[in-house]
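>>> Coordinates only, no sequence provided:
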Ligand SMILES: Nc1ncnc2c1ncn2[C@@H]1O[C@H](COP(=O)(O)OP(=O)(O)O)[C@@H](O)[C@H]1O
Ligand SMILES: [Mg+2]
């Protein structure tokens, strides 16, 4: 039933503006795949090309081995969940869910059974005779999901389905969506601009920027080994430091001013004295006697941890970041810092990422752009 | 999918059919009209004589001057009445506001010639009021015929447009704007002129133009009450009627002049509105306050006086319809004689009105929904042209449309003149915009993802339109259709040119009865018409769930 999706060199243009210049992706059968990127990068555009609502100006999209470019949307057998749910307001919950089955001429008893089952799966069976206007946002979302899944679509497409919900419900619904997807096992393409949501829900993520895929990989890969500076700053937060490579008697170091750390996982094609950008996440710093010197600018107390805004020597700051961040987990710490305190921090060489000076390429061994 | 290829789908076919309909029934007739205005009546060769004749003879061009004079006065007076009234009704707690607004709407939607004719009944040469003043008080009232009569009747009929437009705009002004002004030290009257007035100015312009167009195009009122005061629609009509048999080239030339002027006005207004428009939306609309001091007294006198004046025609007509008649005079005892006469002699006019009206409405609903859909969801060059053409009824006066259709369809293969079809065509063209606009308005509120959801579930786009989109559009379509219906059954200026003995409608019959001085039957017919209008209006309020209409 479910299919794999292969997207090969697709192009999207609106008149003369190119939105997606040349994009290729392979989505495996049954996986939960997320398109993640800042707003306006073309996620919706790509999703709607898969759905058949947008024309394709070049390249091919295949479901398994069948090219679907010229198949109209209503014959693609897709399930789609919209940002505004798009529940038909003049039909009850049950009628909404039945809609696709009726079009497929499913026999009455089979249809009733399917509807009952799916309403149980999404936990709204008690509301089946209600009109949608009397449902909460979360409940409407469940109806939309049930309606899309009940037809056993080849792929399930979701465009920012949680963005209209409040924060708490968003977290609840995202695990519900994840559980339901695993239970029915449909290939799912999910669009979001919320990196935390993407990390929590996906099997694999494609990070997009300006219509171009930056990296494809599991949430862990993308977070720990971003393939370029954009990914490292878009997923989570990263401090970007100017540094230089030093190679001495076979050992490789990155040097920040007068402090250097030995790295064991740098790729082979680095050169001595090469300028690089090092990305250090706020939790990858640790207090030490020797290290990079910082001055505390400000601190914010979050309960579980403290977030410090810290300032190093100006030359260390790459680009135009106003300050760096450093977080202290309160589980293991006893002394806190105040504004204007000075401290030494050393980055964890096993965690930090090193990029070329232009930020386009990772210099860590075995980091893949496309996994 | 479609790599820029032309796709011959359902909506393409719909677009083509609609384009054809407009081409045949609107573009071609207008073209024929303009062509005929440049033809010599005798030789049929090209000439500018028809236009020259118009601008050389004072009798003709005076009508244009008269039209402008009275129209400008009507517009100014309507604004002076409608705008303050809207402000008072929205800013203060006015007792009986609900009823008052319904009365305002009724006086707007009833045909203006009913107003003209009952003012004649009251203040005409042998009118009740005239006689009362002359015999009891020995005061001779100024004559109601001519400029004054047209001014009174049209103003009382048209100020409601301004009222409704301005009310709508006032409701969109967030109270925080006026609070901000007050906190900056602005006093209430200054606030009206520095904040409120500028904010409603674009609306006032749009409403003013609507009044202007309506006043300029109105035929029934000046015909009944204008007497020596000749205006363009009456002139065109009488020239046309006396030219019948000929090619009506001179009437066509005058019609062309009018369309030219109205198009200029319309274009000018579009230009100004586009430059000046801004969108407002209010979270907290202005809350009505209690009156303070003498403002209340003056406000009540003003509002009640105007509304009573504007509802007097309806009341007079209904009252007199139940009076016995002797010749053209009403006697003082009650009787159903007028109704008996109506049903025995003019029953056909009633059935015609409902029949043609319903046929026209059916066509209007279909066209309205389809045109609204293609011009909002299938935007392309052709659909935007269609969208623009649907504006034509705003700039073509009814009597001009009547002449246009008659000239275009008086010979084979499209011989429609004299049939009921030509009247239905006129109805559809003139009253389509109400349904079209409310259909388009509701369509803008229906998210496209509704349709996409249906398509993604396996429903073809065409089926989706009928199963989802059309069903969701219905409330909007319906409220527009009722407005179209009310204005269809009250239509006079085009049908008076297009009717024949067998195809007369109620409003045409009222008009001819008044001309023949059978005031009793005219009153009875008017009452039936007014009643139908009120009932339709009540259905409209019930269905739309509010006490407002947008025009
Ligand atoms: N119908 C359209 N016509 C022209 N440009 C469009 C259209 N739809 C989207 N775009 C443009 O395509 C780009 C990507 O849009 P979209 O796919 O909606 O972004 P995302 O979903 O990632 O926020 C944006 O710059 C947007 O302005
Ligand atoms: Mg989007």
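Here it is on my side, so go on. These numbers were taken from a predicted model, which means no experiment stands behind them. Ligands and ions are numbered 1, 2, ... in the order given.
>>> Report the buried residues of the longest helix belonging to chain B.
Longest among the helix segments of chain B by residue count, using DSSP state H, is helix B:58-91. Using 16 or more other Cβ atoms under 10 Å in any protein chain shown as the test for burial, helix B:58-91 gives B:60, B:63-64, B:66-67, B:70-71, B:73-75, B:77-79, B:81-91. Where C-beta positions appear, they are placed from N, C-alpha and C, glycine not excepted.
>>> show me where the stretch 101-250 of chain A has helices.
A:108-121, A:137-149, A:167-184, A:195-201, A:219-224, A:229-234 (DSSP state H, counting those that start in this stretch).
>>> Is the fourth one positioned near ligand 1?
Right, the one you point to is helix A:195-201. No - Helix A:195-201 lies out of reach of ligand 1 by Cβ under 6 Å from any ligand atom, never closer than 12.9 Å.
>>> Quick one: residues in contact with that helix.
A:32, A:34, A:36, A:162, A:170, A:174-175, A:177-178, A:190, A:192, A:205, A:219, A:222-223, A:234-236 (Cβ atoms under 8 Å, 6 or more residues apart in numbering or on different chains).
>>> same question, the longest one
Outside helix A:167-184, the residues that touch it by Cβ under 8 Å, 6+ apart are A:32, A:121-123, A:137-138, A:141-142, A:145, A:149, A:156, A:158, A:161-162, A:165, A:188, A:197, A:200-201.
>>> Please repeat the previous calculation with a cut-off of 7 Å.
A:32, A:121-122, A:137-138, A:141, A:145, A:149, A:162, A:165, A:188, A:197, A:200-201 (Cβ atoms under 7 Å, 6 or more residues apart in numbering or on different chains).
>>> one step back: format the helices of the stretch 101-250 of chain A as JSON lines; extra columns: distance to residue B:457, mean neighbour count and mean pLDDT.
Below are the helices of the stretch 101-250 of chain A laid out as JSON lines (distance: least, Cβ to Cβ, whole Å; neighbours: other Cβ atoms under 10 Å in any protein chain shown; pLDDT from 0 to 100):
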{"stretch": "helix A:108-121", "distance to residue B:457": "13", "mean neighbour count": "15", "mean pLDDT": "92"}
{"stretch": "helix A:137-149", "distance to residue B:457": "7", "mean neighbour count": "24", "mean pLDDT": "91"}
{"stretch": "helix A:167-184", "distance to residue B:457": "16", "mean neighbour count": "16", "mean pLDDT": "89"}
{"stretch": "helix A:195-201", "distance to residue B:457": "24", "mean neighbour count": "19", "mean pLDDT": "94"}
{"stretch": "helix A:219-224", "distance to residue B:457": "31", "mean neighbour count": "18", "mean pLDDT": "95"}
{"stretch": "helix A:229-234", "distance to residue B:457": "34", "mean neighbour count": "23", "mean pLDDT": "94"}
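>>> Please tabulate those helices in a markdown table, including the columns distance to residue B:367.
Shown next, in a markdown table, are the helices of the stretch 101-250 of chain A (distance: least, Cβ to Cβ, whole Å):
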| stretch | distance to residue B:367 |
| --- | --- |
| helix A:108-121 | 37 |
| helix A:137-149 | 33 |
| helix A:167-184 | 44 |
| helix A:195-201 | 46 |
| helix A:219-224 | 54 |
| helix A:229-234 | 51 |
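>>> Please name whichever of these is nearest to residue B:237.
Between residue B:237 and these, the shortest separation by Cβ to Cβ is 58.7 Å, and it involves helix A:137-149.
>>> who's in contact with that closest one?
Outside helix A:137-149, the residues that reach it (Cβ under 7 Å, 6+ apart) are A:79-82, A:85-87, A:93, A:96-97, A:99-100, A:118-119, A:122-124, A:127, A:132, A:135, A:156, A:161, A:164-165, A:169, A:173, A:177, A:180, A:184, A:186, B:457.
>>> do stretch B:348-356 as well
With contacts defined as Cβ under 7 Å, 6+ apart, stretch B:348-356 is touched by B:420, B:423, B:424, B:427, B:489, B:503, B:504, B:505, B:506, B:509, B:528.
>>> Spell out which residues make up each domain of the chain.
As the question left the chain open, I've gone with chain A. A:5-229, A:230-356 (automatic domain parsing).
>>> could you do chain B instead?
Split by automatic domain parsing, chain B gives B:1-32+B:329-551, B:44-106+B:161-218+B:226-308.
>>> So which of the ones you listed is the most surrounded?
domain B:1-32+B:329-551 (a mean of 19; mean count of other Cβ atoms under 10 Å in any protein chain shown).
>>> That one and ligand 1, are they touching?
No - Domain B:1-32+B:329-551 lies out of reach of ligand 1 by Cβ under 6 Å from any ligand atom, never closer than 10.7 Å.
>>> so how far is that domain from its chain's centroid?
Here domain B:1-32+B:329-551 is found 12 Å from its chain centre; the criterion is Cα atoms, centre = their mean, to the nearest Å.
>>> Next: stretch A:295-312.
26 Å.
>>> Fine by me, thanks again.
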